[in-house]
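Student: after the sequence you'll find the predicted model.
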Amino acid sequence: MTEPNVESQGRDLNKEDLNEAIVDLDPNHENSNKVKRRLLLRRFWQSAFGFWSKTRGERRAWFLTGLILVLILLNLAASFGMNIWNREIFDALEKRDSSRVLFIALIYFPLLGASVCVMIAQVYGKMTMQRRWRAWLTHHLLDRWLRNGRYYQLHLVTGDHRNPEYRIADDVRLATEAPVDFSVGLTNAVLSALMFIAVLWTIGGSLSFEIGGTSITIPGFLVVAAVIYAVFASGFMTWIGRRFVTVSEQKNQAEAEYRYTLTRLSENGESVAVLGGEEEERASVNESLGTVLRRWRDISFQTMRTTIVSQTSSYIAPVLPILLSAPKYLNGSMSLGEVMQAASAFTIVQAAFNWLVDNYPRLSDWTASACRVSSMMVSLDALERAEGGEGVERIERGETEGVALRLRDLSVMLDDGTAVVKDAEVVIMPGERVLIAGESGTGKSTLVRAIAGLWPWGKGQVETGRGQKMLLMPQRAYVPVGTLRRAATYPEPLESASDADIQRVLKMVGLGHLADKLDDDSAWDRTLSGGEKQRLAFARIFLHQPDIVVLDEATSALDPDSQDKLMELLTQELASLTIVSVGHRPELEAFHSRKIVLERRRGGAKFVTDIQLSSKPRGRLIRDWLRFRARAKAAS
């Protein structure tokens, strides 16, 4: 397989090249997963290394890096001191020198104290680095995710970015914690190996023996044995755990899907309870849980296989150097202290060489998490490029004079270029109240999201009056976590409205029974009914007083009388307000001066009717007339 845009693997690809290479991979090719994983890791490091950047990085990053390196060296010196102490104490015991044993024993305590202090400082420095790096990368990702409505747009486009909240909360943590541990461990392993190989070479010397009358001498035989043993153990671990990365990725994705299933059930608990869908939801949860358990079973099998190597190595490593040194000890060329020092050094060298053996499972987990974070970065990169004009065309937004809202040759498309609404031409003057009607599925909600700036794909222009403030009210009103005061003033700060103003508008919209609970921190999202949430959304209009409000089925949860009262309030209290509404109820026509009908056509829906409604009677009369007509029809 040829890697797209990766002909020279040593070349430092930029972000655009990497994204193109990832997208162009053939998913059916046997090597595509490995190539994609390598490209995703490279993309991850392109962003993660920004932590050490002079322009946009953390100012203490290099200081922490230098501090950790110094502490590693001090810890290495403490380990060497312990190794020397080990030799001296056994030599003194072998000679039965009680005074020497007592002196060396007393030295152990300050040596131990120094070693513990250095290790504590190293742990603090390492965890501080992890905490700051995680904070930096999380802020970097959140800034990109929350910019220009990308957190919403990710749900509308294809790509490997499911469960972004899990990637930001958990995968970023794993992706930043593990590299610091790996860097510290690898640096310590390399330096320890170099230092204690020298100790083994010096103490062990050469080993001579005869085979068939031929004298054979192996210089540095303990070093040779350590290298051979480490190569064998590491190679065997790499082979036996070769599927660990793939299994870890599958496990992490299954966990994310399981969490999403439970979160979705919790958020929609009322609807499920009303419909009696507990059994169906339980089946869905059981299926998701079953997938998680199967993935954990795969992980357990992989862990069992790697445990065979690691556990066997942990038993052999301390014994092997003693057996190898036994001949030299028995012939008097090595003292007991030197044998024990060699055993200690051999164990340290073996631990250094077997760093991969000990960290392979965690390295696999890190790879899976880093790839998931990188996949989200790639999707954000695609949205960012689209904002710059690449790929599918984008709707242009601007300001104009003399009108509240103007759509110029506006076509609204999906992210793959499929047209939803085609060639819309509309001019809405300040104070006009326009109702957009049409059959379900014609793209009305998509159109109003394009007008509000949430839907970017398409062509043409959306122009608003210069300095005009627009507010979108979706069908499902959002209620943030916190007090009722915050829910009423959202998204403005709490101090944007006084208690008197908030209580006044709550009474206006029919929420007077909540006026004295502004500072109650309750689960308002679950406590309030659908109709009360929509009333709360109207309260925000009166508090924020925008110039243009876009209503997308914003009264669907209200009874007709309540809808009439709120719409009448809107037209009376904010007479200069420009209203653009999407709704199906005929009664809404009474509160609008104009009606535009959207009709589904081949190649995209179009506006087919634009009529004035200013002569229509009021909403209550329309509703009574419609009810009378329905009763008369039923009677006939």
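Tutor: The structure has been received and is ready for your questions.
Student: the strands in the stretch 101-250 of the chain, which residues?
Tutor: 207-211, 214-218 (DSSP state E, counting those that start in this stretch).
Student: and those strands, which one averages the lowest pLDDT?
Tutor: Among the strands of the stretch 101-250 of the chain, strand 207-211 carries the lowest mean pLDDT, a mean of 68.
Student: off-centre distance for stretch 478-495?
Tutor: Distance of stretch 478-495 from its chain centroid, counting by Cα atoms, centre = their mean, to the nearest Å, is 26 Å.
Student: and it, end to end?
Tutor: 20 Å (Cα to Cα, to the nearest Å).
Student: low pLDDT regions in the stretch 301-450 of the chain?
Tutor: Along the stretch 301-450 of the chain, the parts satisfying pLDDT under 70 run over 356-357, 360, 388-392.
Student: which parts of it are strands?
Tutor: Counting by DSSP E, counting those that start in this stretch, the segments of the stretch 301-450 of the chain that form strands are 396-400, 405-413, 419-428, 433-438.
Student: just the stretch 501-636 of the chain next, same as before
Tutor: Going by DSSP E, counting those that start in this stretch, the stretch 501-636 of the chain shows strands at 548-552, 578-582, 594-599, 606-612.
Student: what packs against the second one?
Tutor: Helices and strands touching strand 578-582, by 3 or more Cβ pairs under 8 Å, 6 or more residues apart in numbering; DSSP states H and E, are strand 433-438, helix 444-452, strand 548-552. To be clear about C-beta, it is placed using only N, CA and C from the backbone, and glycine gets the same treatment.
Student: could you dump the strands of the stretch 301-450 of the chain into a markdown table and include mean neighbour count and distance to residue 88?
Tutor: Listed next are the strands of the stretch 301-450 of the chain as a markdown table, based on neighbours: other Cβ atoms under 10 Å; distance: least, Cβ to Cβ, whole Å:
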| stretch | mean neighbour count | distance to residue 88 |
| --- | --- | --- |
| strand 396-400 | 13 | 78 |
| strand 405-413 | 21 | 79 |
| strand 419-428 | 20 | 82 |
| strand 433-438 | 22 | 89 |
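Student: which among these is found nearest to residue 146?
Tutor: strand 396-400 (18.6 Å; Cβ to Cβ).
Student: what's the closest one in contact with?
Tutor: With Cβ atoms under 8 Å, 6 or more residues apart in numbering as the test, strand 396-400 has contacts from 406, 453, 460-468.
Student: switch the cut-off to 6 Å
Tutor: The contact list for strand 396-400 (Cβ atoms under 6 Å, 6 or more residues apart in numbering) reads 406, 461-464, 466.
Student: run through this protein and note the low-pLDDT ranges.
Tutor: Applying pLDDT under 70 to the chain flags residues 1-32, 207-210, 212-213, 215, 245, 270, 356-357, 360, 388-392, 614-636.
Student: could you pick out the longest helix of it?
Tutor: Looking across the chain with DSSP state H, the single longest helix is helix 278-330.
Student: who are the neighbours of it, in terms of helices and strands?
Tutor: Contacts defined by 3 or more Cβ pairs under 6 Å, 6 or more residues apart in numbering; DSSP states H and E place helix 278-330 against helix 221-240, helix 244-267, helix 336-353.
Student: could you check the angle that helix makes with helix 336-353?
Tutor: Helix 278-330 runs at 150 degrees relative to helix 336-353, counting by axes from the mean of the first three to the mean of the last three Cα atoms, to 10 degrees.
Student: can you give me the angle helix 278-330 makes with helix 221-240?
Tutor: Inter-element angle recorded for helix 278-330 and helix 221-240: 160 degrees (by the same axes, to 10 degrees).
Student: centre of the chain to helix 278-330, how far?
Tutor: Relative to the centre of its chain, helix 278-330 is centred 28 Å away, using Cα atoms, centre = their mean.
Student: of the contacts of strand 396-400, closest to residue 510?
Tutor: Among these, and counting by Cβ to Cβ, the member closest to residue 510 is residue 464, at 30.6 Å.
Student: buried ones in whatever helix or strand the closest one lives in?
Tutor: Assigned by DSSP states H and E, residue 464 belongs to strand 458-465. Using 16 or more other Cβ atoms under 10 Å as the test for burial, strand 458-465 gives 458-460, 462-465.
Student: what about the closest residue to residue 251 other than its chain neighbours, how many residues nearby?
Tutor: Leaving aside its sequence neighbours, residue 251 sits nearest to residue 295 (Cβ to Cβ, 6 or more residues apart in numbering; 4.0 Å). Here the number of neighbours of residue 295 (other Cβ atoms under 10 Å) works out to 20.
Student: ok, residue 295 to residue 374 distance?
Tutor: As judged by Cβ to Cβ, to the nearest Å, residue 295 and residue 374 stand 21 Å apart.
Student: got a list of what residue 395 touches?
Tutor: By Cβ under 6 Å, 6+ apart, residue 395 lies in contact with 450, 458, 462.
Student: could these go into a markdown table alongside distance to residue 310?
Tutor: Listed next are the contacts of residue 395 as a markdown table, based on distance: Cβ to Cβ, whole Å:
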| residue | distance to residue 310 |
| --- | --- |
| 450 | 57 |
| 458 | 57 |
| 462 | 61 |
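Student: what is the nearest of the residues you listed to residue 538?
Tutor: So of the contacts of residue 395, ranked by how close each gets to residue 538 (Cβ to Cβ), first place is residue 450, at 23.3 Å.
Student: what about that closest one, distance to residue 424?
Tutor: Distance check for residue 450 against residue 424: by Cβ to Cβ, it reads 9 Å.
Student: kindly report the same for residue 358.
Tutor: 63 Å.
Student: who touches stretch 104-114?
Tutor: The contact list for stretch 104-114 (Cβ under 6 Å, 6+ apart) reads 78, 81, 88-89, 92.
Student: the nearest residue to residue 517 once chain neighbours are set aside: neighbour count?
Tutor: The shortest distance from residue 517 to any residue other than its chain neighbours is 5.4 Å, reached at residue 484 (Cβ to Cβ, 6+ apart). Applying other Cβ under 10 Å, we find 24 other residues in the vicinity of residue 484.
Student: repeat that for residue 525.
Tutor: Neighbour number of residue 525 under other Cβ under 10 Å is 14.
Student: again with residue 94
Tutor: Here the number of neighbours of residue 94 (other Cβ under 10 Å) works out to 13.
Student: which residue, neighbours along the chain excluded, lies closest to it?
Tutor: Using Cβ to Cβ, 6+ apart and skipping the chain neighbours, the partner closest in space to residue 94 is residue 336 (4.3 Å).
Student: looking at the helices and strands packed on helix 278-330, which is closest to residue 306?
Tutor: Of all the helices and strands packed on helix 278-330, helix 221-240 comes closest under Cβ to Cβ, at 6.2 Å.
Student: of all the residues in the closest one, which ones are buried?
Tutor: Under the neighbour-count criterion of 16+ other Cβ under 10 Å, helix 221-240 has 221-227, 229-230, 233-234, 236-237 buried.
Student: out of those, which comes closest to residue 59?
Tutor: Nearest to residue 59, judged by Cβ to Cβ, of the buried residues of helix 221-240 is residue 234 at 38.5 Å.
Student: ok, now how distant is the closest one from residue 195?
Tutor: 20 Å.
Student: what do you get for residue 251?
Tutor: 38 Å.
Student: of those two, who's got more company?
Tutor: Taking neighbours as other Cβ under 10 Å, residue 251 and residue 195 compare with residue 251 leading, 22 against 18.
Student: that one reaches residue 294, doesn't it?
Tutor: No - applying Cβ atoms under 6 Å as the test, residue 251 and residue 294 come out as separate, 9.3 Å apart.
Student: returning to that earlier point: got a markdown table for the contacts of strand 396-400, with distance to residue 322 too?
Tutor: Below are the contacts of strand 396-400 laid out as a markdown table (distance: Cβ to Cβ, whole Å):
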| residue | distance to residue 322 |
| --- | --- |
| 406 | 87 |
| 461 | 82 |
| 462 | 80 |
| 463 | 84 |
| 464 | 82 |
| 466 | 86 |
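Student: domain-wise, how is this protein divided?
Tutor: Following automatic domain parsing, the chain resolves into domains at 15-387, 396-635.
Student: pull the contacting residues for residue 154.
Tutor: Residues near residue 154 by Cβ under 6 Å, 6+ apart: residue 161.
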